[in-house]
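Peer 1: Could you look at this predicted model? Sequence included:
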Amino acid sequence: MQGTGRHPYRRRQLGAVVVVALVVGLAVVAVRSVVDRPPAPAVPGSTLSGGTGPGSTVPASTASDGTVLGSTVPASTAPPTTAAAPVTSTTPTTGPGTLPQTATLPSPASSEFQAEMAALWGGVQTGSATPAEVAFFPAGAYVQLKSIGGARTDFEHRLLYDFGLDLRAAHAVVGVDGDPASATLVSVDVPMQYAHWVTPGVCDNSIGYFEVPNARVVYDAGGTTRSFGIASMISWRGQWYVVHLGAVLRTTPSQGVVDDPGTGPGAPAYSSTC
């Protein structure tokens, strides 16, 4: 009876050992599963998608411009993800109007001038200043040239405005049976014998330039040669630009002018304009 009474106690001890071993085994398995589990994938739009301890990094992501973000930023200091701010370019605008004047006499035979006149003709055919603006005196150059206040406003609300009016007036004249697209540009006759240097101080100008009056735009309309004038072109850095197409001075505001239109190539005449 004494020996038989010890057997239940030993069975209880053995059962306790088995339970303890089972609990320890399950704990090891649980720890191992946490250690071996791969990190969760980054969630788009989350504040941070990596560790949060010191020295940890934010998983790399790619911005819309291709820039790699968050590859070396400590997560403990990384700011929340926000929408990218618009990027403002700091590259200065380049163009002839941003550069200083030179005393170079332009040549109407240059490829640049021929391209300008093709653009001018495009403005005549469409009746719009937009395609022809490359042939017009640059705004930046006008601001440099003029010694008046509000030069840019004067450029936009007077010179460029009048240029558009004159292009629309020429648009209504060229072509056959009211069709400007039927006319084709033949040449632009620039009377270089009349080109002259305008000194600083004349006509409210602080910088000198060359001016040439009364060039002729020669075109073909249904087999007939016709032409009209360019009232004034002036130079900037060795290039001719239209500054007054229909008229230097106009008697009727807000009305386009066609300078001396007629049959044939016409004959440029001298005038002492600015």
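Peer 2: Sure, I can see it. Quick caveat, the model's predicted, so the values are computed rather than measured. Residues are numbered from 1 along each chain as shown.
Peer 1: How much space separates Lys146 from Arg158?
Peer 2: When distance is defined by CB to CB, to the nearest Å, Lys146 is 11 Å away from Arg158. For the C-beta atoms, the positions are set from N, CA and C on the backbone; glycine is no exception.
Peer 1: quick one: the helices in the chain?
Peer 2: Counting by DSSP state H, the chain has these helices, from start to end: 2-36, 111-126, 139-145, 151-154, 160-173.
Peer 1: which ones are touching Ile234?
Peer 2: Listed by CB atoms under 8 Å, 6 or more residues apart in numbering, the contact partners of Ile234 are 137, 198, 209-212, 240-241, 243.
Peer 1: for those, which one is nearest Pro253?
Peer 2: For those, the residue nearest Pro253 by CB to CB is Val243; the value is 17.9 Å.
Peer 1: Spatially nearest residue to the closest one, not counting backbone neighbours?
Peer 2: In space, not counting the residues next to it along the chain, Val243 is nearest to Phe137; the distance is 4.6 Å by CB to CB, 6 or more residues apart in numbering.
Peer 1: neighbours around Gly222, how many?
Peer 2: 12 (other CB atoms under 10 Å).
Peer 1: mind listing what it touches?
Peer 2: Gly222 sits in contact with 176, 182, where contact means CB under 8 Å, 6+ apart.
Peer 1: what about it, distance to Phe228?
Peer 2: From Gly222 across to Phe228, the span is 16 Å (CB to CB).
Peer 1: ok, and the closest non-adjacent residue to Ala139?
Peer 2: Leaving out its chain neighbours, the residue that sits closest to Ala139 by CB to CB, 6+ apart is Phe155, at 5.2 Å.
Peer 1: That should have said Ala247, apologies.
Peer 2: Using CB to CB, 6+ apart and skipping the chain neighbours, the partner closest in space to Ala247 is Val257 (4.4 Å).
Peer 1: Out of the contacts of Ile234, grab the one that's most surrounded.
Peer 2: Using other CB under 10 Å as the neighbour definition, the contacts of Ile234 reach their maximum at Trp240, which records 29 neighbours.
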